[in-house]
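1. Here's my sequence, what's the structure:
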Amino acid sequence: MRLFLSAFCSIMFLLTKAQEQYMIVGTYDSPKSEGVYVYKFNSANGSAQQISHVKNPNPSFVSFSPDGQFVFAVHETAPQDGKGGDIAAFRFNKETGTLHFINRQLSGGDHPCHVETDKTGRWLFASNYSSGSLSVLPINKDGSLGKATTIQHTGSGKNQQRQKGPHAHGAIISADNSQLFVTDLGIDKVMLYDFDAATGTLTPSKQPFVQSVPGSGPRLLTFHPNNKFAYVIEELTGTVSVYQYKKRRLQVRERISTMQQNDTSFAGSADIRVSPDGKFLYASNRGDVNNIAIYSIHKKKGTLTLLGHQSTLGKTPRNFSIDPSGKFLLCENQHSDEIVVFNRDVQTGLLSDTGKRIAVGKPVCIKWMPLN
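-> Below you'll find the predicted structure:
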């Protein structure tokens, strides 16, 4: 009997370990936040345990190398010396869950708000919001960052309060690592660049951009798992644009609101995610509504059907993320200083409150990394 219990306990321990992931959280500066935080998240029950944190200024967005050895965090700042923001590189110890500073490098612009690594782990893409520029930084073998090469966007948009100039907000690399998609909120465009992973060079694609509706403010882009469709959240109009992706081109298929019918309040839409199974799409609204719009995705067409809305149970859902198991959606309520953990029904796509909360000051980004 003892042998059976011992074997059973060992199996349960291994199963639990297999369902754990590191969860790396970026934050904005506040009295309750000190930088980048590392948690262990258990996809069996939705619980989280803080492992470590490292102090650094306004690390609002993070990324890591494909092998998990290095973590990169933007410092969303624009110092008065005119040198702009920067990006910090850390070595990540998977055994202890700790981050060790390597170096920091200027991002090539002001207020970098998004960072992405390419599939080879040799290059880093930084979106500089205030200066409206995109930078490519080399990643050295030791994880340190080299000097940025910067592309400056130009133009303006319809909304003169928010679109007096370009505002690069996110850069997403294609699945085959050959094309980069950059959402620019200030000029109402998604910019397309061909990427040469051997040299780190970006050149405009044959389709250099897609123009969104004037005043819409494209903020972030995400791909469907089948890579046939792309979805863009538009902050200023509270809409999602659906694109077909074929032969290295984006073609708009649909534009749909994130708001409830007849709600004319400002959406302040922020983040967008497709479920791992490709059946559902989620989009967050800040403004006064503080909710997540839930859509089903047409299997063949990629178009959306609104299923409903879930309150984020807090204020300012700047970012949210679906855990690797697909069972939980974690919503970062920036102005409530906590992450709310929702159950996600994999059959219906709908969300429900687990009652679990992760207390952290001004959380604004989550990235998942396997323990091993």
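2. Could you use CA atoms for every contact and neighbour count after this?
-> Noted.
3. how close does Thr237 get to Tyr282?
-> Separation of Thr237 from Tyr282 (C-alpha to C-alpha, to the nearest Å) stands at 16 Å.
4. Comparing those two, which residue is more hemmed in?
-> Using other C-alpha atoms under 10 Å as the criterion, Thr237 and Tyr282 rank with Tyr282 on top: 25 against 21.
5. Go ahead and confirm Ala171 touches Asn128.
-> No: Ala171 is beyond contact range of Asn128, at 10.2 Å (criterion: C-alpha atoms under 8 Å).
6. The two - which one has more neighbours?
-> Per other C-alpha under 10 Å, whichever of Ala171 and Asn128 has more neighbours is Asn128, with 34 against 28.
7. for stretch 275-286, the distance to its chain's centre please.
-> How far stretch 275-286 lies from its chain's middle: 12 Å, per C-alpha atoms, centre = their mean, to the nearest Å.
8. Show me the contact partners of that stretch.
-> 224-226, 233, 238, 258, 267-274, 290-299, 304, 315-320, 322, 324, 326, 349 (C-alpha atoms under 8 Å, 6 or more residues apart in numbering).
9. now do 6 Å
-> With C-alpha atoms under 6 Å, 6 or more residues apart in numbering as the test, stretch 275-286 has contacts from 225, 267-274, 291-297, 316-317.
10. Show me which residues of it are buried.
-> Ser275, Pro276, Gly278, Lys279, Phe280, Leu281, Tyr282, Ala283, Ser284, Asn285, Arg286 (16 or more other C-alpha atoms under 10 Å).
11. Please identify the helix or strand for Thr203.
-> Using DSSP states H and E, Thr203 sits within strand 201-211.
12. Please identify the pairing partners of that strand and their relative orientation?
-> Sheet pairing for strand 201-211, assigned by DSSP bridges, gives strand 189-196 (antiparallel).
13. what about the strand it pairs with, average pLDDT?
-> Across strand 189-196, pLDDT averages out at 98.
14. List the buried residues for that strand?
-> Within strand 189-196, the residues that count as buried by 16+ other C-alpha under 10 Å are Lys189, Val190, Met191, Leu192, Tyr193, Asp194, Phe195.
15. just stretch 95-109 next, same as before
-> Buried, per 16+ other C-alpha under 10 Å, within stretch 95-109: Gly97, Thr98, Leu99, Phe101, Ile102, Arg104, Gln105, Leu106, Ser107, Gly108, Gly109.
16. what about this protein, any weak spots by pLDDT?
-> 1-18, 80-82 (pLDDT under 70).
17. those helices in it, which residues are they?
-> 2-18 (DSSP state H).
18. give the contact list for the residue nearest to Asn56 when sequence neighbours are not counted.
-> Distances taken as C-alpha to C-alpha, 6 or more residues apart in numbering put Gly35 closest to Asn56, at 4.8 Å, once the chain neighbours are dropped. Going by C-alpha under 6 Å, 6+ apart, Gly35 touches Val54, Lys55, Asn56.
19. I figured Met69 hits Phe92, correct?
-> Met isn't right for residue 69; it's Gln. Yes: contact criterion C-alpha atoms under 6 Å: Gln69 and Phe92 qualify, at 5.3 Å.
20. okay, those two: which has more neighbours?
-> Ranked by neighbour count (other C-alpha under 10 Å), Gln69 and Phe92 place Phe92 first, with 20 against 16.
21. Just the strands from the stretch 1-150 of the chain, written as ranges.
-> Remark: strands assigned in the stretch 1-150 of the chain by DSSP state E, counting those that start in this stretch are 20-27, 35-42, 47-55, 62-64, 70-75, 86-93, 98-106, 112-117, 123-128, 133-138, 149-152.
22. Would you mind telling me which of those strands is nearest Ser205?
-> Shortest distance between Ser205 and those, using C-alpha to C-alpha, is found for strand 149-152: 14.1 Å.
23. Could you list the buried residues of that closest one?
-> Neighbour counts using 16+ other C-alpha under 10 Å place Thr149, Thr150 of strand 149-152 among the buried residues.
24. Ile272 pairs with what?
-> Ala283.
25. What are the boundaries of the strands in the stretch 201-350 of the chain?
-> Listed in chain order, the strands of the stretch 201-350 of the chain (DSSP E, counting those that start in this stretch) span residues 201-211, 218-223, 229-234, 239-246, 249-257, 269-274, 280-285, 291-297, 304-311, 317-322, 328-333, 338-344.
26. closest to His167 out of the ones you listed?
-> strand 218-223 (9.0 Å).
27. now that closest one, how far from the centre of its chain.
-> Its chain's C-alpha centre and that of strand 218-223 lie 9 Å apart, by C-alpha atoms, centre = their mean.
28. ok, how many other residues are close to Leu221?
-> Neighbours of Leu221 using other C-alpha under 10 Å come to 24.
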